[in-house]
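**Student:** Here you go, sequence then predicted model.
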Amino acid sequence: MTARTIDGKAFAATLRARVGDAAADFTARAGRKPGLAVVLVGEDPASSVYVRSKGKATLAAGMESFEHRLPADTGEDALIALVDRLNADDAVDGILVQLPLPRHIDERAVLTRIDPDKDVDGFHPVNAGRLATGIDGLVPCTPLGCVMLLKDLHPDLSGMEAVVIGRSNIVGKPMAALLLKESATVTTVHSRTRDVAAHVRGADIVVAAVGIPAFVKADWVKPGATVIDVGINRTDDGLVGDVDPAVAEVAGALTPVPGGVGPMTIAVLMRNTLVAACRRAGLPAPAGL
Ligand SMILES: Nc1nc2c(c(=O)[nH]1)N[C@@H](CN(C=O)c1ccc(C(=O)N[C@@H](CCC(=O)O)C(=O)O)cc1)CN2
Ligand SMILES: [Mg+2]
């Protein structure tokens, strides 16, 4: 069997177009555009590219982009002061601090300072708590993008066996919470799990978010399973995922790297910004997003 390729790039393009339509509608009703502020500290080349892409996507969706590029030696206090200003700025609906931050800055101190209702990354503990308890909030972009791709293929995930590999606050934990919300039977495996392969073998859905190149092997995967590869590992052989390419011979469907989950992250960020803007303006949630 050769797995069907899940085209995240194409899905992301349609999502961005739908957000663009909804953003035009917001602008007509609210008398202003939705606004997204992105903060980058330092000059990490990959982060710099992502921030530029976010700015371009924001403008392309008809939204206001506020880009703040700060030097690598910016102090934590100065960064927090900027977050406070963005929290108080009515033109800003969404705030995103690009990760990773330089080592001298406490990531948690910065992320918990963002107004939860502007936290379009969904990383604030208030939004994590909302997700865990079933309250509408803002949900991390990458896992929400994964669920959108999964539901496109399997509109009803209820009762499906899902294994999430990795337990980060950014992907693994919210991914498991979102799958649970869809009534899947969810197992999270991680570095202390005794037999990862045994868990993966029972899964209809595998989400690999572990950050180890080609970690998931073909003989771990149930024939026909849907495999979502969240890994973005830069190696001497270029960009590779967390899933061994040989998995394509066993899986029913697989996201490629690049062109799978990655492009969904920025498309969902646009969606989250629009959702935050609608909530802040007291407008109904945009349909179908
Ligand atoms: N504050 C945040 N920081 C980071 C996040 C995040 O969601 N919020 N995620 C990643 C980086 N990221 C966005 O910020 C991101 C990563 C990858 C892609 C993407 O489209 N990848 C392409 C490949 C691009 C390449 O060649 O590098 C793909 O997979 O097809 C978009 C956004 C960490 N930081
Ligand atoms: Mg740090």
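**Tutor:** Great, that's in hand. Ligands and ions are numbered 1, 2, ... in the order given.

**Student:** From ligand 1, how far out is residue 76?
**Tutor:** Separation of residue 76 from ligand 1 (Cβ to the nearest ligand atom, to the nearest Å): 16 Å. Every C-beta, even on glycine, is put in place using the N, C-alpha and C of the backbone.

**Student:** Residue 40 reaches residue 46, doesn't it?
**Tutor:** No - assessed by Cβ atoms under 8 Å, residue 40 is found out of contact with residue 46, at 11.0 Å.

**Student:** what's near enough to touch the closest residue to residue 120 other than its chain neighbours?
**Tutor:** Using Cβ to Cβ, 6 or more residues apart in numbering and skipping the chain neighbours, the partner closest in space to residue 120 is residue 94 (3.6 Å). Residues near residue 94 by Cβ atoms under 8 Å, 6 or more residues apart in numbering: 34-37, 118-120, 269, 272-273, 276-277.

**Student:** Who are the contact partners of residue 227?
**Tutor:** Going by Cβ under 8 Å, 6+ apart, residue 227 touches 3, 205-206, 208, 216, 221, 243, 247, 251, 253-255.

**Student:** Specify the beta-bridge partners of the residue nearest to residue 120.
**Tutor:** Judged by DSSP bridges, the bridge partners of residue 94 are residue 36.

**Student:** Check it and give its pLDDT.
**Tutor:** With respect to pLDDT, residue 94 has a value of 99.

**Student:** Distance of residue 25 relative to ligand 2?
**Tutor:** Relative to ligand 2, residue 25 is positioned 39 Å away (Cβ to the ion, to the nearest Å).

**Student:** looking at it, that residue is touching residue 286, isn't it?
**Tutor:** Yes - Residue 25 is within contact range of residue 286, at 7.4 Å (criterion: Cβ under 8 Å).

**Student:** Which stretches in the stretch 51-200 of the chain count as helices?
**Tutor:** 76-88, 107-111, 125-133, 141-153, 172-181, 196-201 (DSSP state H, counting those that start in this stretch).

**Student:** Let me know how buried the residue in the stretch 151-289 of the chain that ligand 1 sits nearest to is, in neighbour terms.
**Tutor:** Per Cβ to the nearest ligand atom, residue 262 is where the stretch 151-289 of the chain lies closest to ligand 1, at 2.0 Å. As a burial measure, residue 262 scores 23 neighbours (other Cβ atoms under 10 Å).

**Student:** Now do the contacts for it.
**Tutor:** Neighbours of residue 262 in contact, by Cβ under 8 Å, 6+ apart: 8, 232.

**Student:** Any buried residues in the helix or strand containing it, and which?
**Tutor:** Secondary structure assignment for residue 262, by DSSP states H and E: helix 261-281. Using 16 or more other Cβ atoms under 10 Å as the test for burial, helix 261-281 gives 261-280.

**Student:** Between helix 141-153 and it, find me the angle.
**Tutor:** 100 degrees (axes from the mean of the first three to the mean of the last three Cα atoms, to 10 degrees).

**Student:** So what's the residue count around residue 79?
**Tutor:** Residue 79 sits with 22 neighbouring residues when counted by other Cβ under 10 Å.

**Student:** Could you check how far it is from ligand 2?
**Tutor:** The value you get for residue 79 to ligand 2, if Cβ to the ion is used, is 12 Å.

**Student:** Residue ranges of each domain in this protein, please.
**Tutor:** Listed by automatic domain parsing, the domain ranges of the chain are 30-115, 141-262.

**Student:** out of those domains, deepest packed?
**Tutor:** Mean neighbours per residue, mean count of other Cβ atoms under 10 Å, is largest over the domains of the chain for domain 141-262, with a mean of 20.

**Student:** residue contacts, the residue of the stretch 51-200 of the chain found nearest ligand 1?
**Tutor:** Per Cβ to the nearest ligand atom, residue 99 is where the stretch 51-200 of the chain lies closest to ligand 1, at 3.6 Å. By Cβ under 8 Å, 6+ apart, the contact set of residue 99 is 47, 107, 170.

**Student:** make it 10 Å
**Tutor:** The contact partners of residue 99, taken as Cβ atoms under 10 Å, 6 or more residues apart in numbering, are 40-41, 44, 47, 50, 107, 110-111, 121, 123, 170.

**Student:** among those residues, which are within reach of ligand 2?
**Tutor:** Restricting those to those near ligand 2 by Cβ under 5 Å from the ion leaves residue 107.

**Student:** Same list, the contacts of residue 99, but as CSV with pLDDT please.
**Tutor:** Converted to CSV, the contacts of residue 99 look like this (pLDDT from 0 to 100):
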residue, pLDDT
40, 98
41, 98
44, 96
47, 98
50, 98
107, 97
110, 98
111, 98
121, 98
123, 98
170, 96
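
**Student:** Nothing else from me, thank you.
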